Structures are given as structure tokens and as C-alpha cells.
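Visitor: Sharing a sequence plus its predicted fold:
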Amino acid sequence: MKTLVLPPTDQSIQISAEELRKGGVVGIPTETVYGLAGNVFDEGALTKIFSVKERPTFDPLIVHVDQKTLEDLERLGVTDLKSMTPLMKSQADKLMAKFWPGPLTLVLPKNKKIPDLVTSGMNTVAVRMPKHPVALKLISVCDFPIAAPSANRFGRISPTCAQDVFEELGERISFILDGGACEVGLESSVIAIDQSGIPKLLRPGAVSIEEIQSVLGVKILFENKTGASPGQLENHYAPKKPLYLLKKSFLETEVGELAFISNTARVGVLAFFDEAPNEIQNKLRELTSGEITVKALFKDRNLENVARELFSSLRQLDTSSAEVIIAEPFPVQEGLGFAIQDRLRRASQKQVKS
Ligand code: AMP
Ligand code: MG
């Protein structure tokens, strides 16, 4: 199958909508990461999403809508208002009013029209209204909600531009809508609200815990373990090369801890501390005579820039000549920093002890 990358014109949106109406799947831009879109109510399309991505069906999908009230979600056949207490509704209302359209996903009681494939058989559904104008336009032209997990092969680094989608899924899908590089670059935060209105963070993401807490006026619970939400695996977002996550900055890490670098290995470093890349180079020189690639991402101390460039930098290091990638831990744990460290932790197969 030949894969066409389409410019973000009205005509391309019509072509994509037609493909979705026929039960096909299309790579689409969102502000978080690129998605692989299919009609939420079409089981054939959903099956394609799972097979194209090689995604296990225990990992549920997020439904994307172009409306932002609970009544609209009910009318679209996504949620089930009858199963929601007033407390649950009022917390959900506050979050939708504040963060939609945007990178926040809500887990709510599901409408019976939603196929089990979307929710992995659970009685809840994850839903969000994306902000990217191309995604919104496509949903409104289609007139049905769209399931859109990230447009990569399962477990791999998430795609943040059309080219990434092409590399991941080219030959497997007919169309990729090119909406430019993702503005946010990290997946949405996933929040579940229980019947007492108590919010729980299932996946850290582009909207920070602090922001959500300030809107709801209560503390957010977060269990940082596998299984808090189905599909949140310890090993995800991973490059093909081994990625070692350090406990301290590169310069503070004992040389003995870096023994995994063999003498000939070519090494890539993802750096966040304020060290000059040539100091990192000098220290590595003692360990390897091979080529060294350093990507320093946090020089301007801007968290949003790191989020935007995290996955693409991992991708660059993965396709560089490096045989091993070393990442510094992210130095800031507040705001977006929490989600950035979550992705680094899951992307790394190996964690350096001290
Ligand atoms: P993505 O792969 O970025 O599309 O994210 C989908 C993730 O959303 C899944 O891996 C789950 O962690 C979460 N999710 C989706 N649906 C549900 C649900 N019904 N309940 C809890 N978490 C969900
Ligand atoms: Mg994903």
C-alpha cells in the first residue's frame, strides 16, 4: 500500500473523512502527538487500528470529539449521563470548561453505543477534545467521534510530525494528514473521576497535576505503578537502542556506573542539566574512543520546549550512529517536568542505580 502525506487543506480533510467513512484509518495531527484515527462506532476500523499499530487489545483507546459539554458527549453516544452522580458531573464540567479543547483526557462512564474494543471491555470511556484545528475540522466533517491512539507501532517512541508517522506506519495506511510539528509533543494527561467526584491521575501528561488541582480545588491522587490504568506499561515510548536512565546528572555520575559503555561503543547522550556538552564529551572520552552525540534539551530552562522536543530528540538519537543512549534524569519534578520524567522512565530499559 502506498502512503500519501497530504497537506492540511480542506480537500485533504475531505479525502481523509471519506477514508474514515469507508472504515479506513488515517494518520492525523493533534497538538499532543500524531494519532491513528478511525470511526469509534466502526468495529472494522477499530480492528484496523489495533492491527496496524500492533497494539494489544487490553490497551483502550481515547475517543476524540469536537464538543465540550456532558450533554454533547451523551448526544454523540460517547458517555452515559445516567451513570454519573452530580458530584462527578460537576468535577467533569469544571475540567472540560477549563482545559478543552486541549491535552486533558477524562475517563467517564461509557455509553452502550461505544464498542468494547474501544474500552477494552471496561464500563468507562476515555474522551478528549483536541485543540489542533485540522483534527477538529476532520471530526466535524466526519460527524462521528474518532478513536485515535498515537500513530506509532506499539511500545515505540510517539510520533510528533508527519514524517515520524510515515516511518512508523508507512505502507500500512493510505493517508497521513500533515498538520506540522506537534505544539505540545507529549500525550494528554488522563484523569478519572469517581462517583464521589474524587479525581485520580491515570497518566501524567501535558496538563500538570498542579493546574488540575487548582481547577478542582482538591488534591489529585496518583499511583505511579503499572496497572493504575490499563496500557500504562513500564516499558513504553522506547527507542530501539538500549536507553540507560541516570539517577544523577551525567557529571555527578560515578564512572563505575557507566561501565556498560564498552570501549568501542558510539554513545548518544540526552542532557538536561546545565553542563556544557564538551564537559560531557570529555568525561565520556575516558570511557570510549567512539563517536559521541550530545543533545542538550533544557538550556533555556523552558519546560514546554523540552516536552515539544523530547520524543523527536529520542528519535534522532535512535537513528544516529549511537549504539547506546544515556539520558540524564529530568531535573524538575513540578509541572510538565513530572510527565517528562514519566516518559523517560518508561522509555528506558535500564536504570543506573546511583
Ligand atoms: P494513547 O495510547 O496515547 O492513545 O493512550 C491511551 C491510554 O489512555 C491507555 O493506554 C490508557 O492508559 C488510557 N485509557 C484509555 N481508556 C481508558 C479507560 N476507559 N480507563 C482508564 N484509562 C484509559
Ligand atoms: Mg501511545
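Guide: In hand now; what should we look at? Ligands and ions are numbered 1, 2, ... in the order given.
Visitor: where in the chain is pLDDT low?
Guide: Along the chain, the parts satisfying pLDDT under 70 run over 224-232.
Visitor: Around ligand 1, pick out the residues from it.
Guide: 59-62, 107, 119, 122, 124-126, 149-150, 187, 190, 202-203, 229-232 (CB under 6 Å from any ligand atom). Every residue, glycine included, has its C-beta placed from N, CA and C.
Visitor: residue ranges of the strands in the stretch 201-350 of the chain, please?
Guide: Applying DSSP state E, counting those that start in this stretch to the stretch 201-350 of the chain gives strands spanning 221-222, 243-245, 267-271, 292-296, 324-327, 350-351.
Visitor: Now mean neighbour count too, for those, in a markdown table please.
Guide: As requested, the strands of the stretch 201-350 of the chain are exported to a markdown table (neighbours: other CB atoms under 10 Å):
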| stretch | mean neighbour count |
| --- | --- |
| strand 221-222 | 16 |
| strand 243-245 | 21 |
| strand 267-271 | 25 |
| strand 292-296 | 19 |
| strand 324-327 | 25 |
| strand 350-351 | 12 |
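Visitor: Ok, which of the ones you listed comes nearest residue 172?
Guide: strand 243-245 (25.3 Å; CB to CB).
Visitor: Make sure residue 132 is actually in contact with residue 33.
Guide: No: the pair residue 132 and residue 33 fails to qualify as a contact (CB atoms under 8 Å) at a distance of 10.6 Å.
Visitor: tell me what the longest helix anywhere in the chain is packed against?
Guide: For the chain, the longest helix by residue count, based on DSSP state H, is helix 303-319. Contact here means 3 or more CB pairs under 8 Å, 6 or more residues apart in numbering; DSSP states H and E; on that basis helix 303-319 packs against helix 162-169, strand 267-271, strand 292-296, strand 324-327, helix 336-347.
Visitor: quick one, which of residue 132 and residue 33 is more surrounded?
Guide: Just comparing residue 132 and residue 33: by other CB atoms under 10 Å the higher neighbour count belongs to residue 33, 28 against 24.
Visitor: Count the residues that sit near the residue nearest to that one when sequence neighbours are not counted.
Guide: Among residues not flanking residue 33 along the chain, residue 158 sits closest, at 4.3 Å (CB to CB, 6 or more residues apart in numbering). For residue 158, the neighbour count with other CB under 10 Å is 27.
Visitor: What of the one 3 residues further on?
Guide: The criterion is other CB under 10 Å. On that basis, residue 161 has 21 neighbouring residues.
Visitor: separation between it and residue 337?
Guide: With distances taken as CB to CB, to the nearest Å, residue 161 is found 23 Å from residue 337.
Visitor: closest one to residue 103 among the helices and strands packed on helix 303-319?
Guide: Ranking these by proximity to residue 103 (CB to CB) places helix 336-347 first, at 9.8 Å.
Visitor: just to revisit the earlier point, ok, the residue nearest to residue 33 - contacts?
Guide: Neighbour list for residue 158: 33-34, 150, 152, 187, 237, 311 [criterion: CB atoms under 8 Å, 6 or more residues apart in numbering].
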